[in-house]
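Trainee: quick one, structure for this:
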Amino acid sequence: MELARFKKSWAGAVRDSATKNFVIAGLMVTNLLTAIGWFQVEQTVVLVPAVFDERMEVKGSEASPAYKKAWALTVAQLAGNVTPGNADLVLESLGDLLSPDAYRKIAADLAAQVADIKRDSLTVSFEPRQILYETKSKKVFVSGQFASQGVSGQPIKAVRTYEMTIDIRFGRPWITSFKPYTGMPVTEENAKHASTSSSGEKRAST
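Mentor: From the prediction side, this is the model:
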């Protein structure tokens with residue numbers, strides 16, 4: 001009698017153990033699948049900075065126009081406000097933000113500007129007035145009042161634009177093109193209007 005009861009209890013324990021092992025194996029599989037899915041999903045980071053009222057998002061290799069405009073403003077202010085004391089730091093910081101190809105294209109000009117600023121004790125300042133994002137070209141244009149002044153003398157003022165393309169790599173901004181120039185932004189829309197006006201003037205003159 002005792003032997004039969006023992007065998008019955010033993011068989012039940014074996015069944016319970018098998019059931020538990022099956023459940024544990026199932027949980028391990030689901031946890032593994034969840035972990036794989038987690039690493040494959042691109043995370044979305046939502047930022048609401050104090051400077052902009054627009055909502056900024058970064059997801060994988062893409063970012064919202066507001067995010068790119070915010071970074072473009074930061075870079076323009078960095079490049080446009082240089083003194084003999086911070087010239088080397090500005091040059092180094094721009095090198096960290098620009099892609100190697102973009103940096104090579106303007107490295108000589110930047111180095112020459114830094115040398116001039118140190119030699120002549122110049123102070124370069126930039127006051128941004130407008131930020132544009134061109135959807136088609138994905139370019140950002142930061143334009144404003146640019147001034148250069150020596151130790152003694154009147155400041156030389158002009159309208160200046162910083163044109164750049166900002167990509168996202170590994171969640172950080174990566175500037176793949178950077179072009180500062182005097183004058184208003186040369187957007188595709190502005191270029192189209194300029195071309196139309198020029199054609200009209202030519203027809204009128206003939």
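Trainee: what's the separation between residue 174 and residue 68?
Mentor: Note on residue 174: its distance to residue 68, by C-beta to C-beta, to the nearest Å, is 11 Å. (Each C-beta comes from the backbone N, C-alpha and C, glycine too.)
Trainee: which neighbours do these two have in common?
Mentor: Any residue near both residue 174 and residue 68 by C-beta atoms under 8 Å, 6 or more residues apart in numbering counts here, and that gives residue 166.
Trainee: the two: who's more crowded?
Mentor: Using other C-beta atoms under 10 Å as the criterion, residue 174 and residue 68 rank with residue 68 on top: 24 against 16.
Trainee: my guess is residue 187 meets residue 132, correct?
Mentor: Yes. Assessed by C-beta atoms under 8 Å, residue 187 is found in contact with residue 132 at 6.5 Å.
Trainee: quick check: neighbours shared by these two?
Mentor: Contact criterion C-beta under 8 Å, 6+ apart; residues shared by residue 187 and residue 132: residue 141.
Trainee: helices along the chain, start to end?
Mentor: Along the chain, the segments classed as helices by DSSP state H run 2-40, 65-80, 87-97, 100-120, 188-205.
Trainee: low-scoring stretches of the protein, by residue?
Mentor: 1-54, 60, 190-206 (pLDDT under 70).
Trainee: the same query, at a cut-off of 50, please.
Mentor: Applying pLDDT under 50 to the chain flags residues 6-7, 10, 38-50, 206.
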